[in-house]
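Colleague: quick one, what's the 3D model for this:
(2 chains)
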Amino acid sequence: MRLIVHDLTEEQAKQILPQDDIDTRMIGDNGTIHPCIGCFGCWVKTPAQCVIRDNYGDMGELLSKCDELIFVSKCCYGGYSPFVKNVIDRGISYSHPYFTIRNGEMHHRRRYENHFRLNAFFYGTDITEQEKKTAENLVHANALNLDCQAEKVHFAPTADSFRGEFE
Amino acid sequence: MKIALMNGSPKIKDSASGILLDELKSLRRDDCITEYNFHTPILPSEMNLEEFAQQDAAVFAFPLYVDGIPSHLVNCLCQLEKYLIMHPSNLIIYAVVNCGFFEGNQNRYALEIMKNWCVRCGLKWGQGVGIGGGGMLPGLQGVPVGKGPRKNFAAAMNQLSEHITVGKNAEDIYVSPNVPRFAYKMGAEVEWRQQIKANGLSEKDLFRKL
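Modeller: From the prediction side, this is the model:
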């Protein structure tokens, strides 16, 4: 499965993202997401599942079933937009609470066996060179953390520029 | 000096960010301190933005969430940016980011994002502090500040406090807890096992797959 997490409006999503692709699951902003409250309940109360049961409580499980993860996000200071970051924060049950050493640094152990590819598409009319550098580093850090393969980090002035990228 | 302490943890109490800010506060007894809590994606209702922009310094403290800033705080930063670009301020921004991993430098990209935010808002950047092993801080409240495993954290907060006084830009500081990494790793695993058992589940459940 390909998982696309995006912060586009419904109208933009229809124009830019693939429609009716049975192998693609899209996670967009319907205005109901709750932020992660840092309780670690997804590790010690309802393992592998977020304790907040809104529409975004199964992100860890979804990540375990994907072979490609795509972020389409407004670039905010070299990071993800609040919505896309919220979805990422709500997905930590994908990892196991125990630590392992990866590339000489402490990271979380895998809970699942799947290895997905990670692509990020950042948009914004005036993304600075420093913000691009931060975003690239951030995506690669995410890949190391999730033990997945970072492929490409794209930048464009508008989300519309990404039309056709997901066919 | 007028200093704003900005707690960006979603937790109402016993957050590592709050403990670190308390440590800093105890070093700034002669200053006029205003505290703000950013627990949700909405700016605190009691926050007076005009008053905030007139502070000499603001110190953000927050936990690292997946290599970056927790989403609720990104939301708040976007709201603050809207105000600050219309109301130029001489604020100097400092940030203390703590993560559960041992290495304090894993907070480096969250600090970069804070620096980029300062550029967008036209604010001066002071210094960043990356704290590793922050998750153990709430469990160390019985240990005196600056002693045992808290030694390196206190040294970092002292340095930060000195730089706030001078008001100049300084290199970021990264620290790990004053314990060996293997001991920290083992201690964390014991803690997870205890917590899951306290919730009526077994150790095996930590490995649950859906």
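
Colleague: would you map the helices across chain B?
Modeller: Residue ranges of the helices in chain B, as given by DSSP state H, are B:16-26, B:49-53, B:71-86, B:108-121, B:151-166, B:181-198.

Colleague: can you give me the distance of the closest residue to residue B:172 other than its chain neighbours to chain A?
Modeller: Nearest non-adjacent residue to residue B:172, counting by C-beta to C-beta, 6 or more residues apart in numbering or on different chains: residue B:128, 4.1 Å away. To be clear about C-beta, it is placed using only N, CA and C from the backbone, and glycine gets the same treatment. Separation of residue B:128 from chain A (C-beta to the nearest C-beta, to the nearest Å): 13 Å.

Colleague: show me what contacts residue B:128?
Modeller: B:94, B:95, B:96, B:97, B:107, B:111, B:114, B:115, B:172, B:173 (C-beta atoms under 8 Å, 6 or more residues apart in numbering or on different chains).

Colleague: just the pLDDT for the closest residue to the fifth one other than its chain neighbours.
Modeller: Read it as residue B:107. Using C-beta to C-beta, 6+ apart and skipping residues adjacent in sequence, the residue nearest residue B:107 is residue B:130, 3.4 Å away. Reading off the confidence values, residue B:130 has pLDDT 98.

Colleague: neighbours of residue B:130, just the number please.
Modeller: For residue B:130, the neighbour count with other C-beta atoms under 10 Å in any protein chain shown is 26.

Colleague: could you give the bridge partners of it?
Modeller: Residue B:130 forms beta bridges with residue B:97, residue B:174, as assigned by DSSP bridges.

Colleague: let me see the mean pLDDT of the lengthiest helix in chain A.
Modeller: Assignment by DSSP H gives helix A:129-146 as the longest helix of chain A. Across helix A:129-146, pLDDT averages out at 98.

Colleague: separation between residue B:31 and chain A?
Modeller: Counting by C-beta to the nearest C-beta, the gap from residue B:31 to chain A is 28 Å.

Colleague: for that residue, what are its contacts?
Modeller: Going by C-beta under 8 Å, 6+ apart, residue B:31 touches B:1, B:2, B:3.

Colleague: report the buried members of the contacts of residue B:128.
Modeller: B:94, B:95, B:96, B:97, B:107, B:111, B:114, B:115, B:172, B:173 (16 or more other C-beta atoms under 10 Å in any protein chain shown).

Colleague: any chance of those residues in CSV, plus distance to residue A:107 and pLDDT?
Modeller: CSV is the format used below for these (distance: C-beta to C-beta, whole Å; pLDDT from 0 to 100):
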residue, distance to residue A:107, pLDDT
B:94, 27, 98
B:95, 22, 98
B:96, 22, 98
B:97, 17, 98
B:107, 14, 98
B:111, 19, 98
B:114, 22, 98
B:115, 24, 98
B:172, 21, 98
B:173, 22, 97
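
Colleague: domain assignment for chain B?
Modeller: Here the domain parsing of chain B from automatic domain parsing is B:2-179, B:180-210.

Colleague: go through the ones you listed and pick out the most buried.
Modeller: domain B:2-179 (a mean of 20; mean count of other C-beta atoms under 10 Å in any protein chain shown).
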